[in-house]
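Novice: Predicted structure and sequence below. I'll ask about it afterward.
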Amino acid sequence: MAVKGVLLDIDGTLVDSNDAHAHAYVQAFAEHGYEVEFDQVRHLIGMGGDQLIPRIVPSLSGEEGEGKEIADRRKELIIEKFGSDLEPTQGSRELIEKLKQSGYELVISSSATSEELSVLLKAAHVDDLLDMDLATTSSDAEKSKPEPDLIEATLEKGQLEPNEAIMLGDTPYDIQAANAAGVSVIAFRSGGFSDEELANAIGIYDSPADLLAHFDQSPLASRN
């Protein structure tokens, strides 16, 4: 069956934000008295807070109590402090334009909150190209990546079957979540993960610009 839609992760995929999220977590943890190293958090970016926080401090829940306060503070820091300095990944806007021209339905699949997503899409310079009505956020799934809930919600919002979609992502958690939902992933190295960690993707590219440069030889060309 031909691929009809592309599911879009945003953080690390269309906007260079993974380091910023890690720094925001470090600060949020510190404000609650937890000394957490940047490298401890950085490798877990791509998970939602419900998954990440108990991995850092097992006694905390990311969904209630102090853990939820840390998650909420991290969101505030992205919106109020770090968001203004974010830059698009190389070629993000041009790739979205190409996907639209190619006739793909584009559905956002992000673990961010809706408030964060607005900031991220503007930072990626794609807010005028993507429909927020076709976006799934943290509120649309009971569990975030690497669980498949968000991907399944994205498919439902886009009225797509798993074999009618390809996801663009940048972390092993994107790949794990999408594969569990039956969706293949094209991965970008822009998220800071190694090819070995991204090995279950059907294609690995440096950035959106790299995929665009090789579009005619990519899975998006052969499956369209």
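Specialist: Arrived safely, thanks for sending.
Novice: by contact count, what packs against the helix or strand that L150 is a member of?
Specialist: Assigned by DSSP states H and E, L150 belongs to helix 149-158. Under the contact criterion of 3 or more C-beta pairs under 8 Å, 6 or more residues apart in numbering; DSSP states H and E, helix 149-158 touches strand 5-8, strand 105-109, strand 135-136, strand 165-169, helix 172-180. All C-beta atoms are positioned from the backbone trio N, CA, C, and that covers glycine.
Novice: winner for burial among these?
Specialist: strand 165-169 (a mean of 27; mean count of other C-beta atoms under 10 Å).
Novice: which other residues reach that strand?
Specialist: 3-9, 12-13, 46, 107, 109, 151, 155, 158, 174-175, 178, 183-188, 191, 201-202, 208, 211, 219-220, 223 (C-beta atoms under 8 Å, 6 or more residues apart in numbering).
Novice: same thing with stretch 116-124?
Specialist: By C-beta under 8 Å, 6+ apart, stretch 116-124 touches 10-11, 14-15, 17, 75, 78-79, 83, 86-89, 92-93, 108, 110, 112, 127, 130, 132, 135, 137.
Novice: Would you mind giving the domain segments of this structure?
Specialist: Domains of the chain are assigned by automatic domain parsing as 5-17+86-222, 18-84.
Novice: could those domains be laid out in JSON lines, adding mean pLDDT?
Specialist: Conversion of these to JSON lines gives the following (pLDDT from 0 to 100):
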{"stretch": "domain 5-17+86-222", "mean pLDDT": "96"}
{"stretch": "domain 18-84", "mean pLDDT": "96"}
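Novice: where do the helices sit along the chain?
Specialist: 18-31, 38-42, 49-56, 65-77, 92-101, 114-123, 149-158, 172-180, 208-213, 219-222 (DSSP state H).
Novice: can you put those helices in a markdown table and add distance to K143?
Specialist: Converted to a markdown table, the helices of the chain look like this (distance: least, C-beta to C-beta, whole Å):
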| stretch | distance to K143 |
| --- | --- |
| helix 18-31 | 18 |
| helix 38-42 | 19 |
| helix 49-56 | 6 |
| helix 65-77 | 14 |
| helix 92-101 | 27 |
| helix 114-123 | 18 |
| helix 149-158 | 5 |
| helix 172-180 | 9 |
| helix 208-213 | 28 |
| helix 219-222 | 27 |
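Novice: Select, out of those, the one closest to E196.
Specialist: Closest approach to E196 among those is made by helix 172-180 (9.4 Å; C-beta to C-beta).
Novice: Just name whatever secondary elements the closest one is in contact with.
Specialist: Going by 3+ C-beta pairs under 8 Å, 6+ apart, helix 172-180 lies up against helix 149-158, strand 165-169, strand 184-188.
Novice: Next, the angle helix 149-158 makes with the second one.
Specialist: With axes from the mean of the first three to the mean of the last three C-alpha atoms, to 10 degrees as the basis, strand 165-169 and helix 149-158 are set at 130 degrees to each other.
Novice: Okay, now the sheet partners of strand 165-169, with direction.
Specialist: Strand pairing for strand 165-169, determined by DSSP bridges: strand 5-8 (parallel), strand 184-188 (parallel).
Novice: Dump those strands into CSV; add distance to K98 as well.
Specialist: Formatted as CSV, those follow (distance: least, C-beta to C-beta, whole Å):
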stretch, distance to K98
strand 5-8, 11
strand 184-188, 13
